[in-house]
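K.L.:
make a model of this:
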Amino acid sequence: MSRKPKTRTKYIKLNKIKCDTRYDSNLISKLIKVVMKNGKFNLATSIVYDAIDMFYDDYIKRVATADEKKIEKKVMVKLLFERLVKQGPDIEVKTKRLGGANYQVPVPVNSERKITLVYRWLLKCARKRKGSRMVLNLGRELTDLLSGRGSVVKEMENLRKMVSANAVFANMRGRSS
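P.N.:
Model (predicted):
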């Protein structure tokens, strides 16, 4: 019998997060928690809200249809974030050690993990952009993600390529060494 303690999950569960004050959404509240560094909640909140405002204005100018322009901002932002999360990966690759060899085994992703992966990639790509403030970088990454281009989409494509390359090992999912 294993004596290893059970590991805790690295990602924050949505049902334990209170909704944010402006948009009343768990998804935006989770994004604020992910952006936050060193406990600076107010700074993270202002960064996320300003980035969402920029993202919303850019979306309304470029992409939105006439019907979408009639919807109020609070509802529209919720719908946009739900659409962003739906674009997340359905399958990811995890390392499995079997018989002295390591295999990359495709594993299905649950909804909370999907949200975490999308936000992690979003933040990583926003921080990698150089030359401007975090608000602008995050807003641009949100816009790029929704329009289907940018660094986050490349991350998703890389994951899909790894899954398809390692699809042979999908039957090893349940085995243990």
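K.L.:
CA only for contacts and neighbour counts going forward, please
P.N.:
Will do.
K.L.:
what does the helix or strand hosting residue 161 contact?
P.N.:
Using DSSP states H and E, residue 161 falls within helix 151-165. Contacts with helix 151-165, where a contact means Cα atoms under 8 Å, 6 or more residues apart in numbering, come from 88-89, 91-93, 105-106, 118, 121-122, 125, 141, 145.
K.L.:
at which residues are the helices of the protein located?
P.N.:
Ranges of helices in the chain, per DSSP state H, are 26-35, 41-62, 66-70, 73-86, 111-128, 134-147, 151-165.
K.L.:
mind listing what's buried along the helix holding residue 161?
P.N.:
151-153, 156, 159-160, 162-163 (16 or more other Cα atoms under 10 Å).
K.L.:
please apply the same query to stretch 128-148.
P.N.:
129, 134-146.
K.L.:
may I have the worst-scoring helix or strand of the chain on mean pLDDT as CSV, with CA atoms only?
P.N.:
Lowest by mean pLDDT, DSSP states H and E among the helices and strands of the chain is helix 66-70, with a mean of 78. What follows is helix 66-70, C-alpha atoms only, in CSV (Å, rounded to 0.1, in the frame of the first residue of the first chain):
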residue,chain,number,x,y,z
ALA,A,66,-26.0,43.7,-35.4
ASP,A,67,-27.8,41.4,-33.0
GLU,A,68,-24.7,41.2,-30.7
LYS,A,69,-24.4,45.0,-30.6
LYS,A,70,-27.9,45.2,-29.1
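K.L.:
return the set of buried residues in it.
P.N.:
In helix 66-70, counting by 16+ other Cα under 10 Å, buried: nothing.
K.L.:
centre of the chain to that helix, how far?
P.N.:
Averaged C-alpha coordinates place helix 66-70 at 26 Å from its chain's average position (Cα atoms, centre = their mean, to the nearest Å).
K.L.:
who are the contact partners of the residue positioned nearest the centre of the chain?
P.N.:
For the chain, the residue nearest the mean C-alpha position is residue 118 (1.7 Å; Cα atoms, centre = their mean). By Cα under 8 Å, 6+ apart, residue 118 lies in contact with 85, 88, 152.
K.L.:
isn't the second one right up against residue 113?
P.N.:
No: counting by Cα atoms under 8 Å, no contact exists between residue 88 and residue 113, whose distance comes to 9.3 Å.
K.L.:
what touches both of these two?
P.N.:
With the criterion set as Cα under 8 Å, 6+ apart, the contacts of residue 88 and residue 113 do not overlap.
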